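Trainee: sequence-free structure coming up:
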């Protein structure tokens, strides 16, 4: 293996580790409704900050509106179809089954993690320093997403073993997409990369507005819940400025 590839492998394991730790902690010490809402608000703020700090500047600087429209539309259509399919499946069940996977949320989080991995791989291709700092920033995001995912799985009364398996699979998605971003996607044309990033942009906005915040608002809103969203946004914004 070349040194750059070794660095990508090493530093992509940091966000994987933080997601696993965050998820396992939340599984074995299940947070109450208020803490769950705080975690979901914080995760939403971090993901929204990823959009503003990492994705939008790269998308805008290319000045390719047609590719942006195509990628954004594909992302929105994909997420709407996934949500429609999962909701339709739920409606066919007469009663709520204990241990049921929240597929719509998991797919949205999976897309988010996949895009994050691509960004990390591409970031290392742009420079080792940028890649290492981005890995640290993404570790914060995946820590909060791991906890948010675990709380939702616990809310659906999924067993601990199954919950850990789901979080481990999502972590592997990040690792695989980081390797993909460092190899295959690094050689994509600017137009193709614009479509990929725009697809991710749309999917992440969907995750924030239609999944994380909607789940978070099931609890009574307080100033602390709202503030946790902005804390998450500010934290990743500062880390992005350092990068």
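Mentor: Sure, I can see it. Since the model is a prediction, treat every value here as computed from it, not as a measurement.
Trainee: Now for the residue nearest the centre of the chain: which residues touch it?
Mentor: For the chain, residue 112 is the residue whose C-alpha lies nearest the centre (C-alpha atoms, centre = their mean; 3.2 Å). By C-beta atoms under 8 Å, 6 or more residues apart in numbering, the contact set of residue 112 is 47, 145, 200, 203, 204, 207. No exception for glycine: its C-beta is placed from N, CA and C like everyone else's.
Trainee: Quick check: chain neighbours aside, which residue is closest to the third one?
Mentor: This means residue 200. residue 115 (3.5 Å; C-beta to C-beta, 6 or more residues apart in numbering).
Trainee: try the last one
Mentor: For residue 207, the nearest residue in space outside its immediate sequence neighbours is residue 108; the separation is 4.1 Å by C-beta to C-beta, 6+ apart.
Trainee: That neighbour and residue 145: what is the separation?
Mentor: Using C-beta to C-beta, to the nearest Å, we find residue 108 at a distance of 11 Å from residue 145.
Trainee: Looking at the two, which is more packed in?
Mentor: Ranked by neighbour count (other C-beta atoms under 10 Å), residue 108 and residue 145 place residue 145 first, with 33 against 23.
Trainee: That one and residue 61: what is the separation?
Mentor: For residue 145 relative to residue 61 (C-beta to C-beta), the value is 27 Å.
Trainee: and what of residue 193?
Mentor: Distance of residue 193 to residue 61, given as C-beta to C-beta: 12 Å.
Trainee: neighbour count winner among those two?
Mentor: Applying other C-beta under 10 Å to residue 193 and residue 61 shows that residue 193 carries more neighbours, namely 21 against 8.
Trainee: Spell out the secondary structure type for that one.
Mentor: Using DSSP: H, G, I helix; E, B strand; the rest coil as the criterion, the local structure at residue 193 reads helix.
Trainee: just so I have it, where are all the helices in the chain?
Mentor: 3-28, 33-50, 56-62, 65-91, 103-126, 128-155, 160-182, 190-206, 213-216, 223-242 (DSSP state H).
Trainee: Mean pLDDT added to those helices, as a markdown table?
Mentor: Below are the helices of the chain laid out as a markdown table (pLDDT from 0 to 100):
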| stretch | mean pLDDT |
| --- | --- |
| helix 3-28 | 87 |
| helix 33-50 | 84 |
| helix 56-62 | 85 |
| helix 65-91 | 81 |
| helix 103-126 | 78 |
| helix 128-155 | 80 |
| helix 160-182 | 89 |
| helix 190-206 | 84 |
| helix 213-216 | 83 |
| helix 223-242 | 87 |
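Trainee: Which positions in stretch 157-177 come out as buried?
Mentor: By 16 or more other C-beta atoms under 10 Å, the buried positions in stretch 157-177 come out as 158, 163, 164, 166, 167, 170, 171, 173, 174, 175, 177.
Trainee: I meant stretch 63-75, not that one.
Mentor: Going by neighbour count (16+ other C-beta under 10 Å), the buried part of stretch 63-75 is 64, 67, 68, 70, 71, 72, 74, 75.
Trainee: What sits closest to the fifth one if chain neighbours are left out?
Mentor: The one in question is residue 71. Using C-beta to C-beta, 6+ apart and skipping residues adjacent in sequence, the residue nearest residue 71 is residue 198, 2.8 Å away.
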